[in-house]
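Enquirer: Model the structure of this input:
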Amino acid sequence: MIKLRSMRFSRSSSKLGNGHKATPPIEKDCRSIGEIQWELRPGGMLVQKRKSNQSAGEGMITIIVSTMSQSQEISIEATSTFGELKMILSLVTSFEPREQRLLFKGKERDDDEYLHMVGVREKDKVLLLEDPAIKEKKLLGLRDQPINNPSRAISV
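Expert: Prediction:
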C-alpha cells in the first residue's frame, strides 16, 4: 500500500522558493486566548460556543405569555421547545398542553420547534390560545352528560 501526502500541507520553510522564511505559529498567543470550545446546535450544526456575560443564568430568557384576559412572565431556557413551554404553561394555566395553541410572530408554532431557532428573545411576547376543536369537544361532552335534576328524572 502506498501512502501519498499532499505537498500543500507538508511544506517546510526551507522549501519555499522565494527566499522568505515562513513565520512560525505563535504558540504564546494561542495559549493566552485559550482553547476554543464547540457546541452542537439543535439543527446538528457544530459551531464555536459564544461567550456570555451571564454566568449563573446562562441561556435563560423571560418571555411574556399573553392570553385574552391576562399575561404572565415565564423564565425558560432559550434552547427549549414550544412543547416544553406548553408543559410549563399547563402548571400556570388551566389548559393542558394538548389544549394549547402558541402563536409567535403571527404563526402557530409546533411542539418540536426550538424557541431560539424561531427567534424568541428576552421579553418577546407569545400568544396562548385555547384550541377551538378541544373547546368544542368539551362543550359537546358537557351537553351529553346527564343532569342531576330530580324534576327531570324518569320513573319506571
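Enquirer: going forward, measure contacts between C-alpha atoms and count neighbours the same way
Expert: Will do.
Enquirer: Low-confidence bits of this structure, can you list those?
Expert: Applying pLDDT under 70 to the chain flags the ranges 1-34, 51-58, 142-156.
Enquirer: need the longest helix for it.
Expert: helix 132-144 (DSSP state H).
Enquirer: if I read this right, residue 46 contacts residue 37, doesn't it?
Expert: No: with contacts counted by Cα atoms under 8 Å, residue 46 stays clear of residue 37, the gap being 10.4 Å.
Enquirer: Helices of this structure, start to end?
Expert: Using DSSP H, helices in the chain cover 7-10, 27-33, 82-92, 115-118, 132-144.
Enquirer: which ones are touching residue 116?
Expert: Residue 116 makes contacts with 78, 79, 80, as judged by Cα atoms under 8 Å, 6 or more residues apart in numbering.
Enquirer: OK, contacts around the first one?
Expert: When you say that, I think you mean residue 78. 59, 60, 61, 114, 115, 116, 120, 121 are the contacts of residue 78 under Cα under 8 Å, 6+ apart.
Enquirer: Can I get those in JSON lines including distance to residue 130?
Expert: Rendered in JSON lines, the data for the contacts of residue 78 read as follows (distance: Cα to Cα, whole Å):
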{"residue": "59", "distance to residue 130": "29"}
{"residue": "60", "distance to residue 130": "26"}
{"residue": "61", "distance to residue 130": "24"}
{"residue": "114", "distance to residue 130": "21"}
{"residue": "115", "distance to residue 130": "20"}
{"residue": "116", "distance to residue 130": "24"}
{"residue": "120", "distance to residue 130": "21"}
{"residue": "121", "distance to residue 130": "24"}
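Enquirer: Just the buried subset of these, please.
Expert: With neighbours counted by 16 or more other Cα atoms under 10 Å, the contacts of residue 78 contain buried members at 60, 61, 114, 115, 116, 120.
Enquirer: Same list, these, but as JSON lines with distance to residue 129 please.
Expert: Conversion of the buried ones among the contacts of residue 78 to JSON lines gives the following (distance: Cα to Cα, whole Å):
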{"residue": "60", "distance to residue 129": "24"}
{"residue": "61", "distance to residue 129": "21"}
{"residue": "114", "distance to residue 129": "19"}
{"residue": "115", "distance to residue 129": "18"}
{"residue": "116", "distance to residue 129": "21"}
{"residue": "120", "distance to residue 129": "18"}
